[in-house]
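Chemist: mind looking at a prediction? Sequence and model below.
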Amino acid sequence: MTEREGLVSQAFVQLADSLVDEFDVIDLLAMLADRSVELLNVSAAGILLADPDRRLQVVAASSEQARVLELLQLQTNEGPCLDCHTTGQPVSAEDLATTSRWPHFTNRALGEGFRSVHACPMRLRTSVIGALNLFRAESGPLPSGDVQLARALADVATIAILQDQAVRDAEMRARQLQHALDSRIVIEQAKGMLAEHAKLDVDEAFQRLRAFARDNNRRLSVIATSVIAGEIELGAVSGHLAGGASS
């Protein structure tokens with residue numbers, strides 16, 4: 001088995017491990033974004049998820065640049081993720097410098113150093129719950145093998161979200177998705193507090209928040225709430241590295 005095959009296997013094992021009661025949707029999708037960058041020929045990834053009213057919200061991104069671009073799509077009501085979610089089909093722009101489909105998104109993406117984009121629907125049969133957006137620093141098509149792997153990763157994550165019986169029930173599904181979106185707001189606030197406190201960039205602050213939650217076997221949203229409430233010292237989290245080490 002090659003190193004990449006091993007990483008792919010590990011990614012699917014991690015996704016499969018999420019198929020348990022009360023799993024953390026935000027942590028699952030953050031892992032999907034990170035693994036997409038690790039396994040695919042892409043520079044960044046972002047994920048939009050539909051709320052109970054079918055409005056898309058940013059729930060995960062591999063970098064701050066990707067998060068900003070996802071937000072911009074929502075603010076301007078244009079972009080590959082929106083088209084992908086609407087149609088339920090993959091959407092690609094192999095050279096953003098030559099496309100006029102999404103002028104606001106394209107200008108910002110090029111300014112951030114991205115030249116091409118590929119959006120993959122998070123879909124199970126006729127149910128489309130969001131989209132995975134893949135950003136590349138070079139123009140050209142996403143390799144066919146990467147396209148297939150991206151779809152497989154998105155499909156498994158979608159199944160994980162829809163798997164739970166409570167989620168399949170319309171009322172409980174709406175409640176669970178709304179909880180995930182509400183949790184993301186709390187996590188963003190805690191991330192900002194950590195970044196300001198320790199003079200970290202927001203990506204590093206988020207990684208330390210996730211590491212602290214995992215090493216303490218607690219949900220990311222619970223840790224974020226405790227940080228905001230002052231129940232956990234900012235220094236304890238901002239100085240925390242993966243594996244329990246402190247800087």
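Modeler: That came through, no problem.
Chemist: does N133 sit in a helix, a strand or a coil?
Modeler: Per DSSP: H, G, I helix; E, B strand; the rest coil, the secondary structure class of N133 is strand.
Chemist: wait, it sits on R67?
Modeler: No. N133 is not in contact with R67 according to Cβ atoms under 8 Å; the separation is 10.6 Å. For every residue, glycine as well, the C-beta is placed using N, CA and C.
Chemist: gap between G145 and I159?
Modeler: Separation of G145 from I159 (Cβ to Cβ, to the nearest Å): 21 Å.
Chemist: and the two? Which one has more around it.
Modeler: I159 (15 against 11; other Cβ atoms under 10 Å).
Chemist: local confidence estimate at that one?
Modeler: I159 is assigned a predicted lDDT (pLDDT) of 81.
Chemist: lowest-confidence helix or strand of the protein?
Modeler: Using mean pLDDT, DSSP states H and E, the weakest-scoring helix or strand in the chain turns out to be helix 165-168, at a mean of 48.
Chemist: go through the helix ranked longest in the chain and flag the buried ones.
Modeler: When the chain is parsed with DSSP state H, its longest helix is helix 170-198. Using 16 or more other Cβ atoms under 10 Å as the test for burial, helix 170-198 gives 173, 176-177, 180-181, 183-184, 186-187, 190-191, 193-195, 197-198.
Chemist: now for N133 and R67: what residues contact both?
Modeler: G46 (Cβ atoms under 8 Å, 6 or more residues apart in numbering).
Chemist: tell me which stretches of this protein form helices.
Modeler: 3-17, 25-39, 64-76, 80-87, 103-111, 144-163, 165-168, 170-198, 202-215, 220-229, 234-238.
Chemist: distance to V128 added to those helices, as a markdown table?
Modeler: Shown next, in a markdown table, are the helices of the chain (distance: least, Cβ to Cβ, whole Å):
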| stretch | distance to V128 |
| --- | --- |
| helix 3-17 | 19 |
| helix 25-39 | 15 |
| helix 64-76 | 16 |
| helix 80-87 | 6 |
| helix 103-111 | 20 |
| helix 144-163 | 9 |
| helix 165-168 | 15 |
| helix 170-198 | 13 |
| helix 202-215 | 27 |
| helix 220-229 | 25 |
| helix 234-238 | 35 |
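Chemist: of those helices, which shows the lowest average pLDDT?
Modeler: Mean pLDDT values for these show the minimum at helix 165-168, a mean of 48.
Chemist: which strand residues bridge the residue nearest to the spatial centre of the chain?
Modeler: Nearest to the geometric centre of the chain sits A60, at 2.6 Å (Cα atoms, centre = their mean). Beta bridges link A60 to I47 when assigned by DSSP bridges.
Chemist: I223 against L194, yeah?
Modeler: No. Applying Cβ under 8 Å as the test, I223 and L194 come out as separate, 10.6 Å apart.
Chemist: now the common contact residues for those two.
Modeler: Common neighbours of I223 and L194 (criterion: Cβ under 8 Å, 6+ apart): L209, V237.
Chemist: domain parsing for the protein?
Modeler: As given by automatic domain parsing, the domain ranges for the chain are 3-163, 166-247.
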